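[1] how would this look folded up:
(chains A and B)
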Amino acid sequence: MELRETLLGMLERDSRLLPEDLAERLGLQIEEVASELGAMVDEQVICGYHTLINWDKTKREFVTALIEVKVSPQHGMGFDKIARRIYLFDEVKAVYLMSGGFDLTVIVEGDNIKDIAYFISDKLAPMESVLSTATHFVLKKYKDHGIVIERQKKPDERMIVSP
Amino acid sequence: MSQRIKELPFSGIRKFFDVAKEIKGAISLGVGEPDFDTPWNIRAEAIYQLENGSTAYSSNAGLLELRQEISRYMRERFHLEYSPLSQIVVTVGASEGIDIAMRAIIEPGDEVLLVEPCFVSYKPCVLMAGGVPVIAAPKAENGFRLRPEDLEGKIGPKTKAILISYPSNPTGAIMDLHDLELLAEIFIKHDLCVISDEIYAELTYGQEHVSIASLPGMAERTIVLNGFSKAYAMTGWRLGYACGPASVMEAMLKIHQYVLMCAPTTSQHAGIEALKNGAASVRAMKSEYDGRRRVIVSGLREMGLDCFEPKGAFYAFPSIKSTGLSSDDFCMRLLKQERVAAVPGNAFGECGEGFIRCSYASSIDSLKEALKRIGRFLESL
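    As a prediction, this is how the structure comes out:
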């Protein structure tokens, strides 16, 4: 695998890794790694760094909804422009163009169901291009970004010394 | 008790284990098995087979489908051709393969060359089969690769076989094609049987494993031992296999059928899944080991220990001669003073004296903490 893809794979699993950590694990010079990372930030290959949080274990209360949106692209207003009009709302956390029975997946967060209902009825549904919406609320997250959310910490059962 | 067994010493690892297990909160660099769980698709297949009631004995040689998968894997991965019907025996771990290979080929008094430092079972298996172990000791300055000169004066009229194991536990050394070609010439010249334990074949870094059996004239004299423990993180499943000439496999199968009947059937079903769909998991684990390998080797070198670059398995084998301590003293004091367990090199043969085996089958965080403690220990000397 190329250096770029190797670095991205490692950072995707653990964004805390510093250039010196990456360099050490790959047997490279820190400068080489730092320069490649810098280039990827400039080129927006690396778009941001996130922390995966299990909010259920905190006092913060909020709801997440996954909205299936059917749209009707009009002349001069393709999917990208419609998507932009949707993703610019702060409460929208993700927007994907989909194959299959609907066009856009829109993931929205709000403090409560009322917030989500307001967003759909006042912002999303009235858009000219939006034909229909179907909203699903997230009840529990089991796994996110490849990480099992409530993984039980397992003691190391291996013998302390073995051949 | 039989005199032969009475004279057999307990493994040096066991002695050290008895002390280490009493030390609370110790970080272990002494573990000879992966720290990963067996990939879920493999576990799920085993669960399905149990739910399905597939709990009977398999044929002695193992499930035919598993042998077919092993045959395909050996061909695609290492350019080796073995008939699933007559040249593959599924064993209870590669460890059983060592035992039954020795018993199948050794006459009382036959000499078997062992390459130390090596896995702790080799010598006892030769002795239990009535053979006489003769030790060849590759040099650290050659990266623990076995060189023709290491065999000088070791091969005589009674030499029946040689057991080699690369990638090596405990040194992490590997052998490339050229290294093996030099040896193959000697093995053929002296008509030796070769037992090649390739249990770490999937775990090489920077270059691919080459099986000595793939060299011209070697397949007919080589028993290849392999298994699922290290590559697929399946140590507890106890599943391995032996491949080789049909006549030798028939002899090994005879012992296997009387002693064990067959390898656990659930494990065999898991093995089929591992070979069919486990390659991506192996690559991911190997990539993780590779990063840790660099961390531990550079960490050991930075604190002044002489550590050659291991290119296989998941062990570093630094020299601790500069400290003036014996391997036993070094490991015991490190354990008691800093609560880090590493294995004295002499547990793998006398020529391992002056070295310690550090397994990097642990998280990077654990390795870094262990390195910090080893550094502190060295400063205290």
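[2] from here on, contacts and neighbour counts on C-alpha atoms
    Will do.
[3] so what's the residue count around the nearest residue to A:L11 once chain neighbours are set aside?
    Of all residues not flanking A:L11 in the chain, A:L17 sits nearest, at 6.6 Å (CA to CA, 6 or more residues apart in numbering or on different chains). A:L17 is flanked by 14 other residues according to other CA atoms under 10 Å in any protein chain shown.
[4] my read is that A:L17 contacts A:L8, right?
    No: the criterion here is CA atoms under 8 Å, and A:L17 misses it with A:L8 at 10.9 Å.
[5] average pLDDT for the helix or strand containing B:M102, rounded please.
    Taking DSSP states H and E as the definition, B:M102 sits inside helix B:93-105. Mean per-residue pLDDT for helix B:93-105: 98.
[6] likewise stretch A:57-65?
    Stretch A:57-65 comes out at a mean pLDDT of 94.
[7] from one end of that stretch to the other, what's the distance?
    This stretch, stretch A:57-65, spans 19 Å end to end (CA to CA, to the nearest Å).
[8] three-state assignment of B:R357?
    Look at B:R357: counting by DSSP: H, G, I helix; E, B strand; the rest coil, its state is strand.
[9] bridging residues for it?
    When bridges are called by DSSP bridges, B:R357 pairs up with B:V343.
[10] tell me the secondary structure for the residue nearest to A:L11?
    A:L17 - assigned by three-state DSSP - is coil.
[11] residue contacts, B:T323?
    B:L378, B:L381 (CA atoms under 8 Å, 6 or more residues apart in numbering or on different chains).
[12] kindly report the same for A:M98.
    For A:M98, the contact set (CA under 8 Å, 6+ apart) comprises A:L104, A:T105.
[13] quick one: low-confidence ranges for chain B?
    Low-confidence segments of chain B (pLDDT under 70): none present.
[14] try it again at 90.
    Along chain B, segments meeting pLDDT under 90 span B:4, B:9-19, B:21, B:24-25.
[15] what does chain A give?
    Short version for chain A, where the test is pLDDT under 90: A:1, A:56, A:73-78, A:150-157.
[16] what's the spacing between the most centrally placed residue in it and A:M127?
    The C-alpha lying nearest the average C-alpha coordinate of chain A belongs to A:A94 (CA atoms, centre = their mean; 6.6 Å). A:A94 is 18 Å from A:M127, where distance means CA to CA.
[17] for A:L88, same thing?
    14 Å.
[18] what do you get for A:E61?
    A:E61 is 29 Å from A:M127, by CA to CA.
[19] thinking again about what came up before, between A:L88 and A:M127, which has more neighbouring residues?
    Taking neighbours as other CA under 10 Å, A:L88 and A:M127 compare with A:M127 leading, 15 against 10.
[20] could you look up the SS state of the more buried one?
    Here A:M127 is recorded as coil under three-state DSSP.
[21] the residue of chain A found nearest chain B: neighbour count?
    At 4.1 Å from chain B, A:R25 is the closest residue in chain A, using CA to the nearest CA. Burial measure for A:R25: 21 neighbouring residues, criterion other CA under 10 Å.
[22] A:K114 too?
    Applying other CA under 10 Å, we find 11 residues neighbouring A:K114.
[23] and the closest residue to B:S28 other than its chain neighbours, what does it touch?
    Nearest-residue entry for B:S28: B:A341, 4.7 Å, with adjacent residues in sequence omitted and distances by CA to CA, 6+ apart. Listed by CA under 8 Å, 6+ apart, the contact partners of B:A341 are A:I160, A:V161, B:A20, B:A26, B:I27, B:S28, B:L29, B:G30, B:C331, B:L334, B:L335.
[24] now do the SS call for the closest residue in space to A:V69 that isn't next to it in sequence.
    Spatial nearest neighbour of A:V69, excluding adjacent residues (CA to CA, 6+ apart): A:T133 at 4.6 Å. Using three-state DSSP, the structure places A:T133 in strand.
[25] and A:T133, how far from B:R43?
    Counting by CA to CA - A:T133 and B:R43 are separated by 40 Å.
[26] near chain B, which residues of chain A?
    Residues of chain A found near chain B (CA under 8 Å from any CA of the partner chain) are A:E24, A:R25, A:L26, A:G27, A:D156, A:R158, A:M159, A:I160, A:V161, A:S162, A:P163.
[27] over to the closest residue to the fourth one other than its chain neighbours: give its phi and psi.
    Take A:G27 and drop its neighbours on the chain: the residue closest to it by CA to CA, 6+ apart is B:R294, 6.4 Å away. Note on B:R294: its backbone torsions stand at phi -70, psi -40 [degrees, to the nearest 10].
[28] repeat that for A:Q74.
    According to degrees, to the nearest 10, A:Q74 has phi -110, psi 170.
[29] then the one 3 residues further on?
    Taking degrees, to the nearest 10, you get phi -140, psi 70 for the backbone angles of A:M77.
[30] cool, B:K21 as well?
    Torsion angles, degrees, to the nearest 10, at B:K21: phi -70, psi -20.
[31] need phi/psi at the residue nearest to it when sequence neighbours are not counted.
    Setting aside the residues directly before and after it, B:K21 is nearest to A:I160 in space (CA to CA, 6+ apart), at 6.4 Å. Backbone torsions of A:I160, given as degrees, to the nearest 10, read phi -60, psi -30.
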